[in-house]
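Novice: Model the following, please.
(chains A and B)
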Amino acid sequence: DAGVIQSPRHEVTEMGQEVTLRCKPISGHDYLFWYRQTMMRGLELLIYFNNNVPIDDSGMPEDRFSAKMPNASFSTLKIQPSEPRDSAVYFCASSLAFVRDPSNYGYTFGSGTRLTVV
Amino acid sequence: AQSVAQPEDQVNVAEGNPLTVKCTYSVSGNPYLFWYVQYPNRGLQFLLKYITGDNLVKGSYGFEAEFNKSQTSFHLKKPSALVSDSALYFCAVRAYSSASKIIFGSGTRLSIRP
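Specialist: Purely as a prediction, here's the structure:
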């Protein structure tokens, strides 16, 4: 398996523009997580899905952020409109359900998307 | 509620010396513990985990971690540090149940000087 694939690797956009980040989880994984990493706030969980259904979006900072998972192999994180304070590295991660494989439960992370809003 | 603490933002060690990166946790019931490493411009990579059994677990790149239930700690160790070990290290915990997600610590930056 190629692992968790995120695109693009880098995104530079102007304030006010819409930004869409993409993630392809590992095939067969039940959970998908979106994280944001900044120097100031560290690693923050934004939202996670189980079997394509959003379970907890309490980490989504504002209504400008939205996430979807239309099928088991694809998820998007959208920011509209973007602001300079959204500049960060955004990570996607996926995992098996604990009940399916307790001995292998852990997250596999993608390489991240570095977003710069100017 | 689950939580994990990494008390040191940065650890500096000379190459060849032993290293320890500290982690303490709080969880109801038995813990499921992890260490992840993040190299520059990369995502977090799994390093090792503790589920049950031997308190000393071995992982990738010569790292090991010791589970101490009485002190609720899971410190990461390596007998002889390499410059290439310089990275950001995250400790993580979840309760041994089906309902909870993994909680990550704030990370410790490990710097190995030649």
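Novice: does stretch A:20-27 come close to chain B?
Specialist: No: using Cβ under 8 Å from any Cβ of the partner chain, stretch A:20-27 never reaches chain B; the gap is at least 11.2 Å. Heads up, the C-betas are built off the backbone N, CA and C, glycines and all.
Novice: in that stretch, what's buried?
Specialist: Neighbour counts using 16 or more other Cβ atoms under 10 Å in any protein chain shown place A:21-26 of stretch A:20-27 among the buried residues.
Novice: For that stretch, give the mean pLDDT please.
Specialist: The average of the pLDDT scores along stretch A:20-27 is 97.
Novice: contact partners of that stretch?
Specialist: Applying Cβ atoms under 8 Å, 6 or more residues apart in numbering or on different chains, the contact partners of stretch A:20-27 are A:1, A:3-8, A:11, A:32, A:34, A:72-78, A:90, A:92, A:94, A:108, A:110, A:113, A:115.
Novice: quick one: low-confidence ranges for the chain?
Specialist: Here I'm looking at chain A. A:1, A:102, A:105 (pLDDT under 70).
Novice: right idea, wrong chain: chain B
Specialist: Across chain B, the ranges flagged by pLDDT under 70 are B:96-100.
Novice: Show me what from it comes close to chain A.
Specialist: Counting by Cβ under 8 Å from any Cβ, chain B sits next to chain A at B:32, B:34, B:36, B:41-46, B:49, B:51, B:90, B:94, B:96-98, B:101-102, B:104, B:106-107.
Novice: If we ignore the residues flanking it in sequence, what's nearest the residue in chain A that chain B sits nearest to?
Specialist: Going by Cβ to the nearest Cβ, chain B is nearest to A:Phe109 of chain A, at 3.5 Å. Once flanking residues are discounted, A:Phe109 sits nearest to B:Gly43: 3.5 Å by Cβ to Cβ, 6 or more residues apart in numbering or on different chains.
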